[in-house]
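J.: Mind looking at a prediction? Sequence and model below.
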Amino acid sequence: MQNKTSKIKDIGAKILEPVIIVALVLVFVIPILSVINISPITRQLKKLDVLGVTTQSSYVIDLVEGKHRVFTSEKLRELENKDTFEYTTNIGKRSGDRYSKPILKIRNKGAESKTFIFDGSTAVNTKSNILLNIENKSYKLQGDNGITHTQEIVVKPNSEITIFLVVESLNSIQFSEEFKMNISTK
Amino acid sequence: MSKLLRKTLRIAIWPAIIMIAAKFLGILGVSALYNLNYYIDNQVEGIYSVQICYTDPASTIFVNSMSNIIMLAMLGIPTFYLMIRTLLYQTTFQNPRTIVKITKLNLLKWITKKGTSFLQIFIWSSFLVIASTITVAHSIQGNGYSWTGQMAFVIGILAIWGTMKTYQLETDKIYPKENIYY
């Protein structure tokens, strides 16, 4: 009987030994992985496709949004360096014509005039003129020759402006392009 | 089942828990003390799906360095305590002067056989060397201050030296140095 018990104990010990070896390895490995994984990292909070960006200063920039056949996937986000925003949109394929859409609303809540600097272009030149239209005034951002222009627009105190994005081309464009525009203040 | 394995496992659990807890509580403690904003992200990138994130690199480096120091201290203090105790315990056998000094300092009760096993010191210093390596790696990667890496390197070397010294004392028990006795 005693012999049988010791045999069972022996078998149990033989089974348990590899388990203990694995457990011992895990006791060393788990802290290493845990410490490496819980070590903090730097990561910016996810930028969401915001409808409007409010700054601590005296102005507000809002994305107008709305559906458009040519201008799609509009995004507005604040860049890491304060007072700089990035507006992006996809300009789809189109026949030779002039297209426009209200894209941004800028409200100057301050008591002084504020100057906004617009700098936008597409990655590929499709021989289209890209302009901003504000209160029936046009500001060219990119010419049909691909040359880009920086535009400054002054917003009067306690007033709001609506900015239209205009794209015009003589020929049909058979592929879409991404338009990117930086907005900063002076 | 091997007694050595069971004993090793039993001894290794505590430094393992202390290592994780010190790092984690260090991060939370430093963030709370210095009022640093952090957020928990759950993008699966590493082995765990939870990641502590700071929005600016300065905070990340500061918190990482401080939590590494806390982790090193929590592992280093018991390790060096065990080493010093073992060293004194073993020296008392060979050097009567040490006994006199310890008696004068009223430390005779403290110098006991308990906690002087080589296995215990070996496991604790292994964890300390691992923690030092992680700290040095963080410094090299730019995720920690360089002085924390240098400090961790010195601590790691001391831990290895202490373990070797303890091993030497253990082997001296089996193969005594002849020149001491003759």
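T.: Looks like it arrived, so ask away.
J.: and the helix or strand hosting A:Lys4, what does it pack onto?
T.: Secondary structure assigned from DSSP states H and E places A:Lys4 in helix A:2-38. Counting contacts by 3 or more CB pairs under 8 Å, 6 or more residues apart in numbering or on different chains; DSSP states H and E, helix A:2-38 packs against helix B:3-33, strand B:51-54, helix B:118-141. For every residue, glycine as well, the C-beta is placed using N, CA and C.
J.: mean pLDDT lowest for which of those?
T.: Ranked by mean pLDDT, the helices and strands packed on helix A:2-38 bottom out at strand B:51-54, with a mean of 83.
J.: pLDDT (mean, whole number) over whichever helix or strand comes after it?
T.: Under the assignment DSSP H and E, the closest C-terminal helix or strand after strand B:51-54 is helix B:57-94. Averaging pLDDT along helix B:57-94 gives 89.
J.: Going by neighbour count, which residues in helix B:57-94 are buried?
T.: B:59-72, B:74-76, B:78-80, B:82-83, B:85-92 (16 or more other CB atoms under 10 Å in any protein chain shown).
J.: What about chain A: which of the residues you listed touch it?
T.: Contacts with chain A are made by B:Ser59, B:Thr60, B:Val63, B:Asn64, B:Ser67, B:Met71 out of the buried residues of helix B:57-94, judged by CB under 8 Å from any CB of the partner chain.
J.: Can I get these in TSV including distance to A:Thr88?
T.: Output for these, formatted as TSV (distance: CB to CB, whole Å):
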residue	distance to A:Thr88
B:Ser59	29
B:Thr60	29
B:Val63	34
B:Asn64	34
B:Ser67	38
B:Met71	43
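J.: nearest to B:Ala32, of the residues you listed?
T.: B:Val63 (10.7 Å; CB to CB).
J.: any idea how far B:Asn35 is from the closest one?
T.: 12 Å (CB to CB, to the nearest Å).
J.: for B:Ser117, same thing?
T.: Using CB to CB, we find B:Ser117 at a distance of 44 Å from B:Asn35.
J.: re the thing from before, same list, the helices and strands packed on helix A:2-38, but as TSV with mean neighbour count please.
T.: What follows is the helices and strands packed on helix A:2-38, written out as TSV (neighbours: other CB atoms under 10 Å in any protein chain shown):
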stretch	mean neighbour count
helix B:3-33	17
strand B:51-54	20
helix B:118-141	21
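J.: For those, give me JSON lines that also has distance to A:Lys4.
T.: Shown next, in JSON lines, are those (distance: least, CB to CB, whole Å):
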{"stretch": "helix B:3-33", "distance to A:Lys4": "23"}
{"stretch": "strand B:51-54", "distance to A:Lys4": "54"}
{"stretch": "helix B:118-141", "distance to A:Lys4": "34"}
